[in-house]
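Enquirer: sequence and predicted structure, then a few things I'm wondering about:
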Amino acid sequence: MSLRWAGLGLLLLGAPLVAQTARPPSPGPDLGPITALVEKGDLTTAEERLRRILAQGGGAVARDLLGVVLVRQNRLEEAEKEFRQAIAADPASLDARQHLARLCLSQKRDADAAAELRRAARQGPLDRDLGLELARIERADGHPVAAEQQLRSVADRFRSVRALLELARLQSAQKQSASALESLRRARAIAPSSEEVLRASAEASLAAGAALPALRHLEALVRMYPTVARYRYLEGTALLLAGDAAAAVSPLKEAERLEPGQALTLKALGRALAGRQLYAEAKEPLLRALSLAPDDTETLSALAEAEEGLGELAGAEAHALRALAGAGPPAAASLVLGMVRMKQERYAEARDALLAASAADPASAKAHYQLGLVYARMNDPLRAQEHVAQYRLRKEEAERRVAEVRALTGFSEGGMRP
Amino acid sequence: MRRALGFLGAALAVSAASGVAQFPPGGATLFRDVASEAGIAFRHHAAADKKYIMESMSGGLALLDFDGDGRLDVYLTDAPSVETARDLGAARCALYRNLGGVRFEDVTDRAGVGHPGWAMGACTADVDGDGWEDLYVTGFGRNRLFRNGGDGSFTDVGDRAGVAGGGWSTGCGFADYDRDGRLDLFVSRYVTVDLERLPEFGKGSTGMKGEGRGATCLYRGIAVQCGPRGLPGEPDLLFHNEGGLRFAEVGEKAGVHDAAGYYGLGVAWFDWNDDGWPDLYVANDTHPNYLYENQRDGTFKEVGFPLGVAVSEDGGEQGSMGVAVGDYDNTGRPSLFVTNFAEEYAALYHNDGGHFTDVSFRSRTAAPGLPFVKWGTSFFDYDNDGLLDLMVVDGHVYPQVDQVPMGASAGYRQRKLLYHNRGDGRFDEVAAQFGPVLTEQRVGRGLAVGDLDDDGRLDVVINDLDGSAQVLHNELTGGGHWLTVRLEGRGGNTDAIGAVVRVKAGPLAMTRFVRSGSSYLSQEDMRQHFGLGPAARADRVEVRWPGGGVTRLEDVEADRILVVEER
């Protein structure tokens, strides 16, 4: 059948040798002996026989095979002509379209390749590599739905880990966290120990705000690749996400040791230390992070928090205002500004900043606690009580999350004294 | 006895204190541990491994003048281990009589206060108003009210008086919360533990009713004693003094019974809003702390959250242990210092008048203590410069922490913290300047401050969980002038507990508060000490008595103990 020999041409185009798409054989002359010649490398004889068949009125399949033989001989213009004639003779010829697409791809003619692949895809499922390729093109061209369709098709037909990873990335980019996590779950079922799959799973879990699953994947990665700074960084980030700043300090320090001077690591380390009220220690990595990424609003906010904790209100205020002027999430900076205003006894401004912090980060217990204080000082006991109640709820939720994490990590310490 | 000295007038000097040298201090020696030479050979008993939570929490002490000779005596609590709990002689608390000249004698057996049971802490007051200081000892199982017979002996009247409590009592303090002239008693309680069904070391399960799930017994992956988290908390107790040495438990009615079952430890009665009615602060381990505001009708309102003294600044519930109360910045208002677990900062809550502000980091009292598990604490002016300094004793609860690297945390044995008040709202941690007596690694619990030799320099007595008691004799030279004020109240409150003493000396305007129960499960000297700096005289001494009356004295000579009687 035609796909038996399709692989020959793919040697040139970098595609798999073995046919990948299961379809019923096309009607026409028996091309098996000629395919055997091609496989043996006797391209001249194969070409002669194919031309004879075509002279006798041979069909699109023979012409497609001739195109493949010509590709093998690097006679690409002639090959393209044959593929096009095959398509003209049989517009439903999926093989010919895919071969033409491969040829175009080999010549970096992405637009032509895309056109053929799109036509081919309308006719039937593409080969694995071409499906992935079309998905890449569709994504690059701003057609995520078409890209996802291709990736799903490849993933379903070939149990392709690559397709599932690409699909997860696409879904993450589309903010479809649940779908991305499901794609990665399927990938893990196929390749449970794959570093790439575990890493993608951890990152997707983090993106979805799911610290616990992320930590499960990272636990395996850290165990298998203890010297990879990235995994230590992600582990620390996951612990921070879970609210376990105490546990986050150690992996982040290790990440910094393995790969010093990374702005993201320094920022996360500073946040973890500040989360443990080690404000003086937190300042150093945060200042270094800020020197590497001067406009990073999260770093500015974390530095402001550390300064506020140290009672350096002027610096805290300045950095919080810079963070708020930036494009980043305003929660942390608003919180710091609110606390600074509290200490300045500018309660109305403190309230407004804290309300902004709470709105930006509804899970923040700290913002509600501070709001409870500010309303108490503004002689509004009812609102103060409401916010204390909100604080308690969020505190319980945060503790539950940390307890879940610690059940997984086994970490326990002062803040959660047994 | 104290009253035997007689009333010597409103401004009577009875001290033989020496004159004052230069100011500020220039000496390098501050404290010297004189326990051994002073005759205090006390050593707290403790199980080596601390496999159960009750083996880690004892260690309060009391400074009291039990024999009325004007000198501070020392009572130290002791506790058995779970293994030796049935042996009545396994632990022996000790009462040391002050002979003067920093010499003590063990009078425990004569006094009959050596075996109160599983003792935790102590507080004192002249409960029955007979002029003799009585001793209340909290403990696991039951509490004792040792009534002072005035002849060197005590009799436990806890059951008869209705204050024996039960369960696991920890902190205590007396105050006349309803201003009826009689001293009432608050007792904090910790967790419910059954000696027959203890949480298994490192595992937790007891099957005990109410234990709940989640009794975690790991600390950074190592097996440790279980609790307090996961164990049921015990409500606190308020005993109203009905007169005739009888008390009625009114905690629920008064609104201070701790319905949530938080794990109560340190207790401090103090009048936070200066309305003349005692308020109450309770330090809770791993839970929000309580501030009960006196409603002047026999009830209290819990205001810890709105006033900003319940949790850390970021809303974190901390493992709170001890409490110090003091006007460290001479505003006339009492601020709070609360000691907490390792990697939790000790919280300095500044009293702003209408509320408190957490100034822990700004004041520089937070960061130095982060590695330590912090317990006994006190505001006191060790160099007589007119500014209250601050001391903290530390020590972990898990001996097992020495098996693993603890990162930012210290090991099991830990040094002390001494904060010198700079006078600008900030403190410097200066323990290392004063040598091993402060930096030696120990397992501190109770701490109480008092002037043991009446020389005007405040001494410190410390009860260690795993070691000998320390008597830190203040030998600083070159400190400022001083004045100690001893009050003699009328009626049932002869200690004048709840009184406020204000001293003006040049630019210094200082305020002290007469209180029962403080620090970590301890009782400090009820006499009020004032460092006067370079001032050889106090311009004014003012006493506001618990009943509301005021005594004012002008131009008072310094460097002596001033006895002031309520008229």
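Expert: Arrived safely, thanks for sending.

Enquirer: list the buried residues for the longest helix seen in chain A?
Expert: Across chain A, the longest stretch assigned as helix under DSSP state H is helix A:381-409. By neighbour count on 16 or more other Cβ atoms under 10 Å in any protein chain shown, the buried set for helix A:381-409 is A:384, A:387-388, A:390-392, A:394-395, A:398-399, A:401-403, A:405-406, A:409. No exception for glycine: its C-beta is placed from N, CA and C like everyone else's.

Enquirer: tell me how far that helix is from the chain's mean position?
Expert: 31 Å (Cα atoms, centre = their mean, to the nearest Å).

Enquirer: got a list of what the closest residue to chain A within chain B touches?
Expert: Using Cβ to the nearest Cβ, B:Arg362 is the residue of chain B that sits closest to chain A, at 3.0 Å. Residues in contact with B:Arg362 (Cβ atoms under 8 Å, 6 or more residues apart in numbering or on different chains) are A:310-311, B:425-426.

Enquirer: and which of these is nearest to B:Ser518?
Expert: Lowest distance from B:Ser518 to those (Cβ to Cβ) belongs to B:Gly425, with 22.7 Å.

Enquirer: and that closest one, what's its pLDDT?
Expert: Predicted confidence (pLDDT) for B:Gly425: 96.

Enquirer: what of B:Ala410?
Expert: Per-residue confidence (pLDDT) for B:Ala410: 85.

Enquirer: next, count neighbours for the residue lying closest to it once chain neighbours are set aside.
Expert: In this structure, B:Ala410 finds its nearest non-sequential neighbour in B:Pro371, 4.3 Å apart by Cβ to Cβ, 6 or more residues apart in numbering or on different chains. Using other Cβ atoms under 10 Å in any protein chain shown, B:Pro371 has 20 other residues around it.

Enquirer: repeat for B:Cys226
Expert: Around B:Cys226 there are 28 residues (other Cβ under 10 Å).

Enquirer: quick check, it in contact with B:Pro199.
Expert: Yes. In this structure B:Cys226 lies within contact range of B:Pro199 using Cβ atoms under 8 Å: 3.5 Å.

Enquirer: quick check: phi and psi on A:Leu303?
Expert: When read as degrees, to the nearest 10, the backbone of A:Leu303 gives phi -60, psi -40.

Enquirer: quick check: it vs B:Ser522, distance?
Expert: 41 Å (Cβ to Cβ, to the nearest Å).

Enquirer: and if you look at B:Arg147?
Expert: Distance from B:Arg147 to B:Ser522, by Cβ to Cβ: 20 Å.

Enquirer: the more surrounded of those two?
Expert: Ranked by neighbour count (other Cβ under 10 Å), B:Arg147 and B:Ser522 place B:Ser522 first, with 34 against 22.

Enquirer: these two touch, right, the more buried one and B:Gly376?
Expert: Yes. Applying Cβ under 8 Å as the test, B:Ser522 and B:Gly376 come out as touching, 6.1 Å apart.

Enquirer: what is in contact with these two at once?
Expert: Shared contacts of B:Ser522 and B:Gly376 (Cβ under 8 Å, 6+ apart): B:322, B:446-448, B:463.

Enquirer: any low-confidence regions in the chain?
Expert: Assuming you mean chain A. A:1-28, A:328-329, A:410-418 (pLDDT under 70).

Enquirer: that's the wrong chain, I meant chain B
Expert: For chain B, the stretches with pLDDT under 70 are B:1-27, B:204-216, B:405-408.

Enquirer: backbone dihedrals for whatever residue of the stretch 201-350 of chain A ends up closest to chain B, please?
Expert: Going by Cβ to the nearest Cβ, chain B is nearest to A:Gly311 of the stretch 201-350 of chain A, at 3.0 Å. A:Gly311 adopts backbone torsions of phi 80, psi 10, taken as degrees, to the nearest 10.

Enquirer: how far away is it from A:Arg377?
Expert: A:Gly311 sits at a distance of 19 Å from A:Arg377 (criterion: Cβ to Cβ).

Enquirer: before we move on, what about B:Arg144?
Expert: B:Arg144 sits at a distance of 43 Å from A:Arg377 (criterion: Cβ to Cβ).

Enquirer: what about the two, which has more around it?
Expert: Shown here are B:Arg144 and A:Arg377; by other Cβ under 10 Å, B:Arg144 has more neighbours (26 against 21).

Enquirer: that one against B:Trp118, yeah?
Expert: No. In this structure, B:Arg144 is not within contact of B:Trp118 by Cβ under 8 Å, at 11.1 Å.

Enquirer: how far does the strand or helix carrying A:Leu132 sit from its chain's centre?
Expert: Taking DSSP states H and E as the definition, A:Leu132 sits inside helix A:128-140. Average the C-alpha atoms of helix A:128-140, do the same for its chain, and the two points are 17 Å apart (Cα atoms, centre = their mean).

Enquirer: in that helix, what's buried?
Expert: Neighbour counts over helix A:128-140 (16+ other Cβ under 10 Å) mark A:128-139 as buried.

Enquirer: want to try CSV for the residues you listed, with distance to chain B as columns?
Expert: Formatted as CSV, the buried residues of helix A:128-140 follow (distance: Cβ to the nearest Cβ, whole Å):
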residue, distance to chain B
A:Arg128, 46
A:Asp129, 47
A:Leu130, 51
A:Gly131, 47
A:Leu132, 44
A:Glu133, 49
A:Leu134, 50
A:Ala135, 45
A:Arg136, 45
A:Ile137, 50
A:Glu138, 47
A:Arg139, 43
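
Enquirer: of all pairs in those residues, which one is the farthest apart?
Expert: By the measure Cβ to Cβ, A:Arg128 and A:Arg139 form the most distant pair in those, at 16.8 Å.

Enquirer: returning to that earlier point: OK, contacts around the residue nearest to B:Ala410?
Expert: Counting by Cβ under 8 Å, 6+ apart, the residues that B:Pro371 touches are B:342-343, B:408-410, B:414.

Enquirer: distance from the chain centre to the helix or strand containing B:Phe337, please.
Expert: According to DSSP H and E, B:Phe337 maps onto strand B:335-338. In terms of Cα atoms, centre = their mean, the centre of strand B:335-338 is found 12 Å from the chain centre.

Enquirer: quickly find the element holding the closest residue to B:Asp314 other than its chain neighbours.
Expert: Leaving aside its sequence neighbours, B:Asp314 sits nearest to A:Lys366 (Cβ to Cβ, 6+ apart; 4.7 Å). Using DSSP H and E, the secondary-structure element containing A:Lys366 is helix A:365-377.

Enquirer: and that helix, what's buried?
Expert: In helix A:365-377, residues buried by neighbour count (16+ other Cβ under 10 Å) are A:365-377.

Enquirer: ok, of the residues you listed, which one's closest to B:Phe300?
Expert: Of these, the one sitting nearest to B:Phe300 (Cβ to Cβ) turns out to be A:Ala376, at 17.3 Å.

Enquirer: residue boundaries of the helices in chain B?
Expert: Secondary structure of chain B by DSSP H: the helices cover B:35-38, B:108-111, B:158-161, B:251-254, B:304-307, B:436-439.

Enquirer: pick the most buried one from those.
Expert: Ranked by mean neighbour count under mean count of other Cβ atoms under 10 Å in any protein chain shown, those are led by helix B:304-307, which reaches a mean of 23.

Enquirer: and for B:Gln295, the neighbour number?
Expert: B:Gln295: 13 surrounding residues under other Cβ under 10 Å.

Enquirer: setting aside sequence neighbours, what's the nearest residue to it?
Expert: Leaving aside its chain neighbours, B:Gln295 sits nearest to B:Lys301 (5.6 Å; criterion: Cβ to Cβ, 6+ apart).

Enquirer: next to chain B, which bits of the stretch 151-300 of chain A? Give me the list.
Expert: Residues of the stretch 151-300 of chain A found near chain B (Cβ under 8 Å from any Cβ of the partner chain) are A:246, A:249-250, A:276-280.
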